[in-house]
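# here is the input, now give the coordinates:
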Amino acid sequence: TAKDSHGDLLVIGGGADWSQAGDGNVITGTVDAQWENKSGLGVYGAILLQNIDSNFSGGANDVTNWGFLVQANFLLNPAWEVFGRLDMVMFDNEIAFPDGSLEDTFYEITVGVNYFLGPDGSWKHRAKIQADLSFLPNGAPADLNGIGILDANNGDTEIVLRTQFQLVL
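Numbering: from 1, shown residues only. Purely as a prediction, here's the structure:
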């Protein structure tokens with residue numbers, strides 16, 4: 001969010017993890033950037049990569065999965081913010097669904113709104129209501145209960161509506 005930004009801001013970051021089990025390795029990494037300005041516009045993007053070697057997975061070959069995320073948001077006024085997000089994950093190996101269909105690329109398109117409580121949204125992220133609607137044209141690779149995606153849906157279209165109330169005491 002660009003709420004209460006006092007000027008243009010660009011932040012670039014990255015992170016990586018190298019985990020081992022026996023002779024197996026998993027390397028996961030991301031590079032991301034966020035730009036925002038004082039008029040309430042914010043843009044965020046990330047590229048993610050995961051390499052799992054065959055010693056770790058037990059498969060015949062190493063596997064490399066990758067994805068990206070782009071999100072933009074805009075403050076309509078001090079209390080209301082709208083946002084949109086596109087993210088994609090591409091697996092090296094296709095995911096097999098119970099109906100026999102296969103898919104290796106999964107998209108999520110999301111639109112949403114934040115309402116910041118308090119006079120003119122003055123409570124900021126300490127008290128807000130958020131709602132978003134996500135469209136997954138290829139379904140999901142697995143149940144992702146933590147984010148409200150309740151079944152893999154055999155690669156068929158899935159629509160998810162989420163709401164949350166956040167209160168920090």
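# tell me the average confidence for the longest strand anywhere in the chain?
If you go by DSSP state E, the chain has its longest strand at strand 80-96. Per-residue pLDDT over strand 80-96 has a mean of 94.
# partner strands of that strand, parallel or antiparallel?
strand 63-75 (antiparallel), strand 102-116 (antiparallel) (DSSP bridges).
# identify each buried residue in that strand, please.
81, 83, 85, 87, 88, 89, 91, 95 (16 or more other C-beta atoms under 10 Å). C-beta: built from backbone N, CA, C; applies to glycine.
# stretch 63-70 too?
63, 65, 67, 68, 69.
# now do the helix or strand bottoming out on mean pLDDT in the chain: distance to the chain's middle.
Among the helical and strand segments of the chain, the one scoring lowest on mean pLDDT, DSSP states H and E is helix 54-57, with a mean of 90. Centre-to-centre, helix 54-57 and its host chain are 26 Å apart (C-alpha atoms, centre = their mean, to the nearest Å).
# what packs against that helix?
strand 24-36 (3 or more C-beta pairs under 8 Å, 6 or more residues apart in numbering; DSSP states H and E).
# burial measure for residue 60, as a count.
6 (other C-beta atoms under 10 Å).
# how much space separates it from residue 47?
According to C-beta to C-beta, to the nearest Å, residue 60 stands 27 Å off from residue 47.
# how about the buried residues of stretch 63-70 in CSV, adding pLDDT and distance to residue 131?
Formatted as CSV, the buried residues of stretch 63-70 follow (pLDDT from 0 to 100; distance: C-beta to C-beta, whole Å):
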residue, pLDDT, distance to residue 131
63, 95, 36
65, 97, 30
67, 97, 24
68, 98, 24
69, 98, 19
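# JSON lines for these, including distance to residue 102?
Output for the buried residues of stretch 63-70, formatted as JSON lines (distance: C-beta to C-beta, whole Å):
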{"residue": "63", "distance to residue 102": "15"}
{"residue": "65", "distance to residue 102": "15"}
{"residue": "67", "distance to residue 102": "18"}
{"residue": "68", "distance to residue 102": "22"}
{"residue": "69", "distance to residue 102": "24"}
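# next, give phi and psi for the nearest residue to residue 121 once chain neighbours are set aside.
Distances taken as C-beta to C-beta, 6 or more residues apart in numbering place residue 79 nearest to residue 121, at 3.6 Å, with adjacent residues excluded. Residue 79 adopts backbone torsions of phi -110, psi -20, taken as degrees, to the nearest 10.
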